[in-house]
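Q: how would this look folded up:
(one chain, ligands or ions: 3)
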Amino acid sequence: MQPIGSVSGRPDSVSDLERLFEITRDVLEAPTLDAALTSLARGVQELFGWRFVSMVAAEEPNGELKRRVMLGYPEEIVKERLHENVDREAFAAMLGHAVRFFDDCYFFPAERDAEWERSIYTGFNPNETKRQYPNQWQERDALVLTLHDRDGVMIGYMSPDGPLNGEIPAVQTLRAMQVFVNLMGLALVNARSQSRLQYEATHDSMTALPNRTVFSLQLARKLEAVHRGEGEPHSVLYLDLDEFKAINDTLGHLAGDDVLKETAQRLRMIVDERSLVARMAGDKFAVLIPGTSAPAVQSVLDTIHETLRRPYPMAGRTLAMTASIGVVSVDQGYTSIAEVLRDAETAMYRAKTQGRDRNAIFTPTMHEEALQRLSLRLDLREAIEERQLVVMYQPIVHLDTRHIECVEALLRWNHPEQGYLAPAAFLPLAEEMGLMEPVGRFVLDTACRDLARWHQAGYSNLGLNVNLSVQEVLQPSLPDFLRKLTRTYSVDPKMLSLEITETSILQSEHRAAGILDTLKAVGVDLCIDDFGTGYSSLQYITSLPIDSFKIDQSFIAALADPKGEQIVRLLVGLGEACGLRVTGEGIETQTQAKTLMSLGCTSGQGVYFHAPLPAQDISALLR
Ligand code: C2E
Ligand code: MG
Ligand code: MG
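A: Ligands and ions are numbered 1, 2, ... in the order given. Predicted coordinates:
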């Protein structure tokens, strides 16, 4: 093909047009911007006969100018200059010294000394001037054809440079080359929309974190490397925010979104560039970290928990968030990423059932249990309708006289195949499935009805304790429900004590006082359950409208230890000082009961006195 770069050549032969069409198609179909630009550069070499073609283009999102293609250059120069960033200002200054052929076409002669410039540059006419220039690579002539966006910002340039065969190209040639520059514009627009599409396909729009697809791809790569025996082993941390649903349900989806964004931001901050954080779904995030050694993984886990626990300032409120994290080592035992993610999720659920705000490292037995839980999930809705839920009662006694002061309602699920299940096995599921309201109301209703019967049977001093989960505490309709309930069964609200854990209070932090006040206004008692296991307990004790607290069973178990005894002594003293009733939970031995009594605690609960019992057994006990 006769190069159109020659002075006489014009890009009007049919084969040239065909070639131009092919190049255009390549540009439009190129999978990447660089591939499109390379096709273009080849076309320029071929059609115009230039030996060196270099292309600089800006790419989204930052718009930085970068040398993206260098064709024909010696290898050492490519090595040095390909991918270099081009400084806009310096480049503009350089253009200022060049010969401007027409709008976007500049010429840099090889000899650029001032004398020469003056003689050449004045009255320069590209059609007439033909000059001999040195052909050495180091001192070559160069052309620059620039490309601007609609706002006039330069978004790239093509530089087909020397040797110019000793000729200034004809103006038609330069105009024809301008076509290529315009094609470059097309490639850029294309790349921009492609990279946007790609960004959208790989990122979560709300948190801007990489999405599940990206995480899966990365994980697949690591897993392949493990099977090839290459690279560092990795761990997957699968994270789910605790009680996130309650936030969505009570503060609204916008607040929920803010929590997710903030969480994403915090997670992004704490991992290094060798790790990957992704949003997997809803309030589930995953982190892929190098290393599987216990200390290394633990230190990342600690940092995550610490970071998330810091208060979330949300629209004037302060929330405390925690997360449950499942941990899996990506090892040879796995043949697919689906298995890795499944096990990570299983371990995460284990962390949830163990009380949230903690980690669980996957073990194979968990898988078995996960299958069981899946079937439980299917059964749970039915359980409510088919009345398989049962309320048991555990007496709380006066430590000295053993007289039953009140009973605590403890929920059981009488599962048709698995028998009686403890709350830990299914309440987290109920919360997740949004079934906490019907479950909680069932407990309240059943327990109040039973209490009314015991009162009618003559035990009118018997009190009733009912546990409330954070989701229940946050329900705005709860106070009215309680009012109706106590009216329906004619029980004095004063005989009802609602047990709330410190974690629940933390999770409703800003509104805790308000919520507890409305509950108090119903006339019920409020009791802090598992006291001492949350954070900054002293604060609540003095500022919230509570009537009693229960010393967590872990403290009772530690009573044998002198330090443990000191702590319980302190807790009992604290209750006394604040005018609160104090109950010791989980009393299993006579020694524990005696020690507690000696420390001044008057009420206790535990299998040493009575295990949780069905209602009719309580009736018998009372008699
Ligand atoms: P909790 O309110 O702290 O209840 C005390 C737990 O300790 C009960 O476990 C009880 O069976 C157990 N326990 C009783 N005596 C002893 C003892 O001597 N030693 C030991 N180690 N444990 C003893 P359970 O019934 O499995 O309930 C676990 C938790 O589930 C409860 O902790 C409570 O937070 C929650 N829960 C139970 N029923 C309900 C309910 O109806 N609604 C809500 N929201 N939560 C409930
Ligand atoms: Mg309780
Ligand atoms: Mg407790």
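Q: residues near the nearest residue to Arg88 once chain neighbours are set aside, how many?
A: Among residues not flanking Arg88 along the chain, Leu65 sits closest, at 6.3 Å (C-beta to C-beta, 6 or more residues apart in numbering). In short, each C-beta sits where N, CA and C put it, glycine included. Counted with other C-beta atoms under 10 Å, the burial measure for Leu65 works out to 19 neighbours.
Q: How about Tyr106?
A: Tyr106 has 21 neighbouring residues, counting by other C-beta under 10 Å.
Q: At the contact with ligand 1, which residues of the chain appear?
A: 394, 409-411, 422-424, 427, 440, 443, 467-469, 499, 529-530, 553, 585-588, 606-607, 612 (C-beta under 6 Å from any ligand atom).
Q: Just the buried residues out of those, in PyMOL syntax.
A: Buried residues among the residues of the chain next to ligand 1 (16 or more other C-beta atoms under 10 Å), as a PyMOL selection:
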select buried, resi 394+409+410+411+423+427+440+443+467+468+469+499+529+530+553+585+586+587+606+612
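Q: Which entries in the residues of the chain next to ligand 1 are shared with the contacts of ligand 3?
A: Residues of these in contact with ligand 3 (C-beta under 5 Å from the ion): 529-530, 585.
Q: Tell me the one of these nearest Asp240?
A: Comparing those against Asp240 with C-beta to C-beta places Asp530 closest, at 21.5 Å.
Q: hang on, the closest one is in a helix, isn't it?
A: No: with DSSP: H, G, I helix; E, B strand; the rest coil as the criterion, Asp530 is located in strand rather than a helix.
Q: what's the pLDDT at it?
A: You'll see Asp530 listed with a pLDDT of 90.
Q: Show the pLDDT at Gly534.
A: Among the per-residue scores, Gly534 shows a pLDDT of 66.
Q: just the one 5 residues further on next, same as before
A: pLDDT recorded at Gln539 is 71.
Q: what would the ones next to ligand 3 among the residues of the chain next to ligand 1 look like in a markdown table with distance to ligand 2?
A: Shown next, in a markdown table, are these (distance: C-beta to the ion, whole Å):
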| residue | distance to ligand 2 |
| --- | --- |
| Asp529 | 4 |
| Asp530 | 7 |
| Glu585 | 7 |
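Q: Not counting its neighbours along the chain, what's nearest the residue positioned nearest the centre of the chain?
A: Geometric centre of the chain, nearest residue: Phe285, 3.9 Å, by C-alpha atoms, centre = their mean. Distance criterion C-beta to C-beta, 6+ apart; nearest residue to Phe285, sequence neighbours excluded, is Leu239 at 4.6 Å.
Q: helix or strand for the one you found, which one?
A: strand 234-241 (DSSP states H and E).
Q: what's the distance between the residue nearest to Phe285 and ligand 1?
A: Note on Leu239: its distance to ligand 1, by C-beta to the nearest ligand atom, to the nearest Å, is 24 Å.
Q: Gly96 now?
A: Counting by C-beta to the nearest ligand atom, the separation of Gly96 from ligand 1 is 75 Å.
Q: my read: the residue nearest to Arg88 touches Met55, true?
A: No: using C-beta atoms under 8 Å, Leu65 is not in contact with Met55, being 10.6 Å away.
Q: Could you double-check that Leu399 lies in contact with Thr595?
A: No: under the criterion of C-beta under 8 Å, Leu399 is not in contact with Thr595, lying 10.4 Å apart.
Q: Okay, strands next: where are they in the stretch 51-200 of the chain?
A: Using DSSP state E, counting those that start in this stretch, the strands of the stretch 51-200 of the chain run over residues 52-59, 64-71, 99-102, 105-108, 142-148, 154-161.
Q: any idea how far ligand 2 is from Lys494?
A: According to C-beta to the ion, to the nearest Å, Lys494 and ligand 2 sit 19 Å apart.
Q: Excluding residues flanking it in the chain, which one is nearest that residue?
A: Distance criterion C-beta to C-beta, 6+ apart; nearest residue to Lys494, sequence neighbours excluded, is Gly523 at 5.9 Å.
Q: before we move on, the earlier item: OK, contacts around the residue nearest to Phe285?
A: 267, 284-287, 304, 323-326, 348 (C-beta atoms under 8 Å, 6 or more residues apart in numbering).
Q: Can you give me the pLDDT of it?
A: 97.
Q: Could you do Leu17 as well?
A: Note on Leu17: pLDDT of 82.
Q: what number of residues lie near it?
A: Per other C-beta under 10 Å, the neighbour tally for Leu17 reads 11.
Q: ok, now Leu570?
A: For Leu570, the neighbour count with other C-beta under 10 Å is 13.
Q: Could you check how far it is from Leu559?
A: Note on Leu570: its distance to Leu559, by C-beta to C-beta, to the nearest Å, is 13 Å.
Q: if we can go back for a sec, dig out what the residue nearest to Phe285 forms beta bridges with.
A: Beta bridges link Leu239 to Phe285, Ile325, judged by DSSP bridges.
Q: Just the CA atoms of stretch 336-345, as CSV, please.
A: Below are the C-alpha coordinates for stretch 336-345, written out as CSV (Å, rounded to 0.1, in the frame of the first residue of the first chain):
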residue,chain,number,x,y,z
SER,A,336,-14.9,-24.7,45.1
ILE,A,337,-15.4,-21.2,46.4
ALA,A,338,-19.0,-22.0,47.1
GLU,A,339,-17.8,-24.4,49.8
VAL,A,340,-15.5,-21.8,51.3
LEU,A,341,-18.2,-19.2,51.5
ARG,A,342,-20.7,-21.7,52.8
ASP,A,343,-18.4,-22.6,55.7
ALA,A,344,-17.5,-19.0,56.4
GLU,A,345,-21.2,-18.2,56.7
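Q: my guess is Val391 contacts Val407, does it?
A: No: Val391 is not in contact with Val407 according to C-beta under 8 Å; the separation is 9.9 Å.
Q: Please say which of the two ends up with more neighbours.
A: A direct count of neighbours by other C-beta under 10 Å for Val391 and Val407 places Val407 higher, at 29 against 21.
Q: Quick check: next helix or strand after the strand holding Leu239?
A: Toward the C-terminus from strand 234-241 - assigned by DSSP H and E - lies helix 244-251.
Q: what pLDDT, on average, does that following helix get?
A: Averaged across helix 244-251, pLDDT comes to 82.
Q: same deal with stretch 159-171?
A: On average, stretch 159-171 scores 67.
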